[in-house]
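>>> Could you look at this predicted model? Sequence included:
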Amino acid sequence: MRMSAVAITQFVNAVHRRDVVALWTETFGYDAAHNRPDLVIDMKVAVHDDLFFVALVDNEVVGTIMAGYDGHRGWIYSLAVSPSCRRRGIGSELVAHAERALIGMGCVKINLQILEKNKSVMKFYTKLGYAEEKRISMGKRFEIKQ
């Protein structure tokens, strides 16, 4: 069966939220409170940076990507593609779309983080030109206030 064309567009909370929450719940299965899809969406939308995109097939959300930009480096987050639509180039299209948006803002380097154990995702990003960099990723969590 042939899949309809993929359209990548800006995330619209009132239109895409429910489908993105469902996709992220299925794809990521996060159990940490700070990664709850509804909270992540609220926080991203509040930034108003126009760096949250969805991939649509027949007006159905089949993929997402978020990006961030601090004025020097860009970041890619939350790349997700529905399991039924994988291996069709949607993830690559989402990454390219986010890269163009970041470059258009003046970004000179894009970073991303993946879990070390996720070898298939490492291969995916390597094919797109990303390379492992010897860095130590550190983080500090804060209590979420709602």
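In hand now; what should we look at?

>>> low-scoring stretches of the protein, by residue?
1-3, 145-146 (pLDDT under 70).

>>> Helices along that one, start to end?
Remark: helices assigned in the chain by DSSP state H are 13-28, 37-47, 90-104, 119-127.

>>> Nearest to residue 143 among those would be which one?
Residue 143 lies closest to helix 37-47 among the helices of the chain, at 12.4 Å (CB to CB). Any C-beta I mention is one placed from the backbone N, CA and C, and that applies to glycine too.

>>> between the closest one and helix 13-28, how many degrees?
Taking axes from the mean of the first three to the mean of the last three CA atoms, to 10 degrees, one finds helix 37-47 and helix 13-28 inclined to each other by 130 degrees.

>>> got the contact list for helix 37-47?
11, 13, 17, 20-21, 24-25, 28, 30, 33, 52, 66, 78, 144, 146 (CB atoms under 8 Å, 6 or more residues apart in numbering).

>>> which parts of it are buried?
Across helix 37-47, burial judged by 16 or more other CB atoms under 10 Å covers 37, 40-41, 44.

>>> do stretch 8-26 as well
So for stretch 8-26, counting by 16+ other CB under 10 Å, buried means 8, 11, 16-17, 19-21, 23-24.

>>> How about stretch 112-128?
Here stretch 112-128 shows 114, 124-125 as buried, counting by 16+ other CB under 10 Å.

>>> what residues are up against residue 30?
By CB under 8 Å, 6+ apart, the residues touching residue 30 are 24, 36-37.

>>> Rebuild the helices of the chain as TSV, extending it with distance to residue 135.
Below are the helices of the chain laid out as TSV (distance: least, CB to CB, whole Å):
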stretch	distance to residue 135
helix 13-28	23
helix 37-47	23
helix 90-104	19
helix 119-127	15
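
>>> Out of those, the one nearest residue 73 is which?
For residue 73, the closest of the helices of the chain is helix 90-104, at 9.1 Å, according to CB to CB.

>>> same for that closest one, what does it pack against?
Contacts defined by 3 or more CB pairs under 8 Å, 6 or more residues apart in numbering; DSSP states H and E place helix 90-104 against strand 6-10, strand 52-57, strand 60-69, strand 73-81.

>>> any idea how far that helix is from the chain center?
10 Å (CA atoms, centre = their mean, to the nearest Å).
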